[in-house]
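# Sequence first, then the predicted structure, then my questions.
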Amino acid sequence: MTLESTFATRLNYVETSAIRELFKLLAKPGIISFAGGFPDASMFDVDGIKAATDKALAETAGAVLQYGATEGYNPLRTGISGYMATKGVTVAPDGLIVTTGSQQALDLIGKTMINEGDNVIVEAPTFLATIQCFRLYGANVIGAPIDEGGVVVDKLEALIIQHKPKLVYLIPSFGNPSGALVPTDRRKRILELAVKYKVLIVEDDPYGELYFDESPAAAAPVSMLALSDSVPGSRNWLAFAGSFSKVMSPGLRVGWLIAPPALLAKATMCKQFSDAHTSNLSQAIAANYLADGDGSRMAANLAKVRKVYAARAKTMADCLKAEFGDAIRFTKPAGGMFFWANLTGARGQSTDVAALAKAAIANNVAFVPGAPFFAHDADMSALRLSFATADEAKIRDGVARLGEAFKSI
Ligand SMILES: Cc1ncc(COP(=O)(O)O)c(C=O)c1O
């Protein structure tokens with residue numbers, strides 16, 4: 001008998017992600033990586049976070065260095081309530097809990113909702129960690145097809161009827177990896193499905209603030225949670241995972257969960273057994289930063305981030321078109337951090353993404369093959385490219401290297 005043979009059987013439902021294996025190769029010096037899912041560290045508002053930290057320790061050291069409430073640090077719960085109000089969402093501070101990243105919110109939903117053998121529906125493709133997390137609880141994960149407007153609602157409805165899922169997990173704003181933005185009418189139709197079929201929708205929204213349209217009228221996409229006011233009954237079937245990772249700092253590990261009271265209570269109970277509470281110091285930093293200049297400090301930094309990411313996305317689109325022509329197909333994202341693309345095989349060219357990934361690493365550039373983002377029936381011609389961390393010169397250089405790698409396969 002080995003120690004391994006005594007591990008919980010639930011571990012058989014998941015495997016180490018192919019992406020993690022790929023990341024080991026990225027330590028190669030000089031490599032240009034479009035593979036990561038990180039925001040650009042040079043865009044963190046270090047001075048702002050430092051001021052928020054100093055304030056937390058100067059004014060509230062006793063509270064922030066102490067154990068705290070599982071539900072979250074009250075000033076932050078109030079802060080998030082106000083932040084959500086600016087996005088058209090009415091939620092009282094006690095209508096949300098603070099989580100250790102939105103990843104924990106997703107885990108708590110899995111823990112609270114999923115029995116072994118339950119069906120859950122996700123987008124095909126979707127965030128790999130969610131597939132793994134739900135599988136760990138024994139879920140049978142079913143992918144719903146997407147197009148450039150995100151999940152295809154008629155197909156989603158057919159899958160709901162067929163599989164009677166416990167929940168439907170969606171990333172409607174600049175999804176990872178799809179980059180897709182679900183239009184408002186689709187969002188409303190999905191909320192109607194939630195009510196009609198009594199199925200929980202989980203809206204994961206870490207990227208909604210990273211929209212690129214810089215016109216004065218531009219605004220964050222309206223979340224399904226905000227739209228739920230216009231679809232009677234839908235709020236009872238909707239959970240929302242929010243995160244400061246992409247708009248403040250992922251290292252703080254601060255996210256939040258908004259859910260119907262009964263679900264929130266059970267998730268809070270499970271969180272208690274999991275990490276007791278999210279770091280009070282992190283929560284106080286987030287609260288102070290959020291409140292800095294009545295939100296103007298974060299807004300100013302975000303405006304800068306949007307501009308930089310928008311320019312990088314444009315450069316990546318232009319370079320991919322120039323290098324690959326009709327050999328690649330993608331929809332230029334209107335926000336977020338990712339391009340989702342397919343090798344088309346036009347004029348007999350290769351669609352072998354695995355071969356391209358290998359040749360790319362040899363030529364000092366990396367991306368993530370799309371296959372692991374599918375729960376099943378992977379599209380082997382798909383790939384994900386992040387434009388968030390490489391500057392425009394690196395994007396030009398990296399896509400040129402990718403073009404050379406493509407010609408070699
Ligand atoms: C779609 C999606 N959801 C959730 C997360 C988790 O984010 P965090 O736990 O940092 O809030 C990520 C991180 O990349 C993500 O892409």
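Great, that's in hand. All figures in this text were calculated on a predicted structure; none of them were measured in a lab.
# Mind listing what's buried along stretch 13-25?
By 16 or more other Cβ atoms under 10 Å, the buried positions in stretch 13-25 come out as 13, 19, 22. Quick note: C-beta positions are derived from backbone N, CA and C, even for glycine.
# quick one: least confident of those residues?
Minimum pLDDT for the buried residues of stretch 13-25 is recorded at residue 19 (70).
# tell me the contacts of whichever residue of the chain sits closest to the ligand?
Here the chain gets closest to the ligand at one residue, residue 101, 2.5 Å apart by Cβ to the nearest ligand atom. By Cβ atoms under 8 Å, 6 or more residues apart in numbering, residue 101 lies in contact with 243, 245, 250, 253-255.
# Keep only those residues that also lie close to the ligand.
Residues of the contacts of residue 101 in contact with the ligand (Cβ under 6 Å from any ligand atom): 243, 245, 250, 255.
# And the last one, how far from residue 242?
Distance, residue 255 to residue 242, using Cβ to Cβ, to the nearest Å: 6 Å.
# anything in contact with each of those two?
Contact with both residue 255 and residue 242 is made by residues 102, 105, 206, according to Cβ under 8 Å, 6+ apart.
# of residue 255 and residue 242, who's got more company?
residue 242 (30 against 26; other Cβ atoms under 10 Å).
# Can I get whichever strand or helix holds the more buried one as PDB, trimmed to CA atoms?
Assigned by DSSP states H and E, residue 242 belongs to strand 238-243. In PDB, the C-alpha atoms belonging to strand 238-243 read as follows (Å, rounded to 0.1, in the frame of the first residue of the first chain):
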ATOM      1  CA  LEU A 238     -28.500  34.100  -9.700                       C
ATOM      2  CA  ALA A 239     -25.100  34.100  -8.000                       C
ATOM      3  CA  PHE A 240     -22.400  36.600  -8.900                       C
ATOM      4  CA  ALA A 241     -18.600  36.200  -8.300                       C
ATOM      5  CA  GLY A 242     -16.700  39.500  -8.300                       C
ATOM      6  CA  SER A 243     -13.000  40.100  -8.100                       C
END
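# after that strand, next one along is what?
From strand 238-243, the next helix or strand downstream (DSSP H and E) is strand 255-258.
# The helix or strand following that next one packs against which elements?
For strand 255-258, the succeeding helix or strand toward the C-terminus, using DSSP H and E, is helix 261-274. Here helix 261-274 touches strand 96-99, helix 101-113, strand 255-258, going by 3 or more Cβ pairs under 8 Å, 6 or more residues apart in numbering; DSSP states H and E.
# now with 6 Å?
helix 101-113 (3 or more Cβ pairs under 6 Å, 6 or more residues apart in numbering; DSSP states H and E).
# Next SSE downstream of the helix it packs on?
For helix 101-113, the following helix or strand on the C-terminal side (DSSP H and E) is strand 119-124.
# Tell me which residues are up against that following strand.
When contacts are defined by Cβ atoms under 6 Å, 6 or more residues apart in numbering, strand 119-124 is touched by residues 134, 139-146, 151, 159, 163, 165-169, 374.
# Filter these down to the buried ones and hand me the ChimeraX line.
Command for ChimeraX that selects the buried part of those, burial taken from 16+ other Cβ under 10 Å:
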select :134,139,140,141,142,143,144,146,151,159,163,165,166,167,168,169,374
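# is stretch 362-379 up against the ligand anywhere?
No. Stretch 362-379 does not reach the ligand (Cβ under 6 Å from any ligand atom); its nearest approach is 10.5 Å.
# Report the mean per-residue pLDDT for that stretch.
Mean pLDDT, stretch 362-379: 96.
# And that stretch, what's buried?
363-375, 378-379.
# Quick one: end-to-end length of that stretch, please.
Stretch 362-379 has an end-to-end distance of 23 Å (criterion: Cα to Cα, to the nearest Å).
# do stretch 273-283 as well
End residues of stretch 273-283 are separated by 19 Å (Cα to Cα).
# could you check whether it is close to the ligand?
No. Interface with the ligand: stretch 273-283 contributes nothing (Cβ under 6 Å from any ligand atom), its closest point being 10.9 Å away.
# Other residues contacting stretch 373-382?
124-125, 128, 131, 141, 143, 177, 342-343, 351, 353, 370-371.
# again, only using 7 Å
Applying Cβ atoms under 7 Å, 6 or more residues apart in numbering, the external contacts of stretch 373-382 come out as 122, 124-126, 128, 131, 141-143, 177, 340, 342-343, 351, 353, 370-371, 384.
# That'll do, ta.
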